[in-house]
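>>> My questions concern the predicted model and sequence given below.
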Amino acid sequence: MIAGIGVDNVDLNRFEGAMVRTQGLRDRLFAESERELPVHSLAARFAAKEALIKALGGSEGLGWHDAVIVKNELGAPSFASTDGLNRILESRELAHPHLSLSHDAGIATAFVVIERRA
(Lines give C-alpha, C1' and ligand atoms only; values in the text may rest on other atoms or scores of the structure.)
Protein backbone atom coordinates (compact mmCIF):
# COMPACT_ATOMS: atom_id res chain seq x y z
CA MET A 1 0.00 0.00 0.00
CA ILE A 2 1.25 3.48 -0.86
CA ALA A 3 1.87 5.64 2.21
CA GLY A 4 3.12 8.78 0.51
CA ILE A 5 3.87 10.45 -2.81
CA GLY A 6 6.08 13.47 -3.41
CA VAL A 7 7.18 15.38 -6.48
CA ASP A 8 9.45 18.38 -6.86
CA ASN A 9 10.81 20.50 -9.74
CA VAL A 10 13.96 22.60 -9.69
CA ASP A 11 14.82 25.28 -12.24
CA LEU A 12 18.43 24.55 -13.25
CA ASN A 13 19.44 28.20 -13.78
CA ARG A 14 18.00 29.34 -10.43
CA PHE A 15 19.61 26.41 -8.67
CA GLU A 16 23.00 27.08 -10.23
CA GLY A 17 22.72 30.75 -9.28
CA ALA A 18 21.96 29.82 -5.67
CA MET A 19 24.96 27.48 -5.58
CA VAL A 20 27.24 30.29 -6.83
CA ARG A 21 25.79 32.97 -4.51
CA THR A 22 25.65 30.94 -1.31
CA GLN A 23 29.00 29.67 -0.09
CA GLY A 24 28.72 26.34 1.70
CA LEU A 25 25.35 25.44 0.17
CA ARG A 26 26.83 22.45 -1.64
CA ASP A 27 28.29 21.11 1.63
CA ARG A 28 25.08 21.79 3.57
CA LEU A 29 22.73 20.07 1.11
CA PHE A 30 24.79 17.20 -0.24
CA ALA A 31 26.78 14.29 1.14
CA GLU A 32 30.44 14.10 0.22
CA SER A 33 29.68 11.41 -2.38
CA GLU A 34 27.28 13.79 -4.20
CA ARG A 35 29.15 17.12 -4.10
CA GLU A 36 31.32 16.82 -7.22
CA LEU A 37 28.45 15.97 -9.57
CA PRO A 38 27.46 18.39 -12.35
CA VAL A 39 24.86 21.03 -11.48
CA HIS A 40 22.00 19.28 -13.32
CA SER A 41 22.62 16.14 -11.25
CA LEU A 42 22.77 18.16 -8.04
CA ALA A 43 19.51 19.90 -8.93
CA ALA A 44 17.82 16.53 -9.52
CA ARG A 45 19.15 15.27 -6.19
CA PHE A 46 17.88 18.38 -4.41
CA ALA A 47 14.47 17.80 -6.02
CA ALA A 48 14.63 14.19 -4.80
CA LYS A 49 15.31 15.28 -1.22
CA GLU A 50 12.38 17.72 -1.37
CA ALA A 51 10.10 15.09 -2.92
CA LEU A 52 11.09 12.65 -0.16
CA ILE A 53 10.13 15.22 2.49
CA LYS A 54 6.74 15.64 0.79
CA ALA A 55 6.20 11.87 0.57
CA LEU A 56 7.07 11.54 4.28
CA GLY A 57 4.64 14.32 5.16
CA GLY A 58 7.34 16.55 6.62
CA SER A 59 11.04 16.85 7.37
CA GLU A 60 10.97 16.35 11.15
CA GLY A 61 13.99 14.25 12.13
CA LEU A 62 15.43 14.14 8.60
CA GLY A 63 18.61 16.00 7.68
CA TRP A 64 19.84 16.76 4.19
CA HIS A 65 22.66 14.23 4.59
CA ASP A 66 20.17 11.53 5.63
CA ALA A 67 18.74 11.56 2.08
CA VAL A 68 21.66 10.52 -0.10
CA ILE A 69 20.93 9.54 -3.69
CA VAL A 70 22.92 6.71 -5.25
CA LYS A 71 22.70 4.82 -8.54
CA ASN A 72 22.74 1.06 -9.03
CA GLU A 73 24.81 -0.76 -11.64
CA LEU A 74 22.18 0.02 -14.30
CA GLY A 75 22.08 3.72 -13.41
CA ALA A 76 18.72 3.67 -11.63
CA PRO A 77 18.59 6.16 -8.72
CA SER A 78 17.57 5.29 -5.18
CA PHE A 79 18.03 6.57 -1.65
CA ALA A 80 21.03 5.17 0.19
CA SER A 81 20.29 3.27 3.37
CA THR A 82 21.45 5.89 5.90
CA ASP A 83 20.92 5.68 9.65
CA GLY A 84 18.76 8.82 9.64
CA LEU A 85 16.48 7.70 6.82
CA ASN A 86 16.19 4.19 8.22
CA ARG A 87 15.27 5.58 11.65
CA ILE A 88 12.44 7.69 10.17
CA LEU A 89 11.12 4.88 7.98
CA GLU A 90 11.15 2.51 10.96
CA SER A 91 9.44 4.98 13.31
CA ARG A 92 6.67 5.63 10.77
CA GLU A 93 6.30 1.97 9.77
CA LEU A 94 7.29 2.72 6.19
CA ALA A 95 9.10 0.56 3.66
CA HIS A 96 11.58 1.47 0.94
CA PRO A 97 11.07 4.79 -0.90
CA HIS A 98 11.06 4.53 -4.70
CA LEU A 99 12.70 7.32 -6.72
CA SER A 100 12.60 8.54 -10.30
CA LEU A 101 14.69 11.49 -11.57
CA SER A 102 14.63 13.46 -14.81
CA HIS A 103 16.03 16.69 -16.20
CA ASP A 104 15.00 18.34 -19.43
CA ALA A 105 14.33 21.85 -20.79
CA GLY A 106 16.07 23.51 -17.85
CA ILE A 107 14.07 21.69 -15.17
CA ALA A 108 15.07 18.83 -12.86
CA THR A 109 12.20 16.69 -11.58
CA ALA A 110 12.02 14.01 -8.91
CA PHE A 111 9.15 11.69 -8.02
CA VAL A 112 9.07 9.63 -4.81
CA VAL A 113 6.66 6.91 -3.73
CA ILE A 114 6.87 5.39 -0.25
CA GLU A 115 5.15 2.15 0.65
CA ARG A 116 3.68 1.30 4.01
CA ARG A 117 5.45 -1.64 5.61
CA ALA A 118 3.48 -4.89 5.24
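Perfect, I can see it now. Numbering: from 1, shown residues only.

>>> Please count neighbours and contacts with C-alpha atoms only from this point.
Will do.

>>> Helices of this structure, start to end?
12-21, 25-29, 39-56, 83-91 (DSSP state H).

>>> Local confidence estimate at residue 118?
At residue 118, the predicted lDDT confidence score is 82.

>>> next one: residue 96
The per-residue pLDDT reported for residue 96 equals 88.

>>> Contacts only, for it.
Counting by Cα atoms under 8 Å, 6 or more residues apart in numbering, residue 96 makes contact with 89, 114, 115.

>>> quick revisit: looking at the helices of the chain, which is nearest to residue 76?
Distances from residue 76 to each of the helices of the chain were compared using Cα to Cα; the minimum, 12.8 Å, belongs to helix 39-56.

>>> thought residue 99 was touching residue 70?
No. Taking contacts as Cα atoms under 8 Å, residue 99 lies outside contact range of residue 70: 10.3 Å.

>>> Which one of those two is surrounded by more residues?
Neighbour count, other Cα atoms under 10 Å: between residue 99 and residue 70, residue 99 has more, with 20 against 15.

>>> so what's the nearest residue to that one once chain neighbours are set aside bridging to?
The shortest distance from residue 99 to any non-neighbouring residue, by Cα to Cα, 6 or more residues apart in numbering, is to residue 112 (4.7 Å). According to DSSP bridges, the partner residues bridging residue 112 are residue 6, residue 99.

>>> Quick check: residue 112 touching residue 55?
Yes. Taking Cα under 8 Å as the contact criterion, residue 112 and residue 55 are neighbours in contact, 6.5 Å apart.
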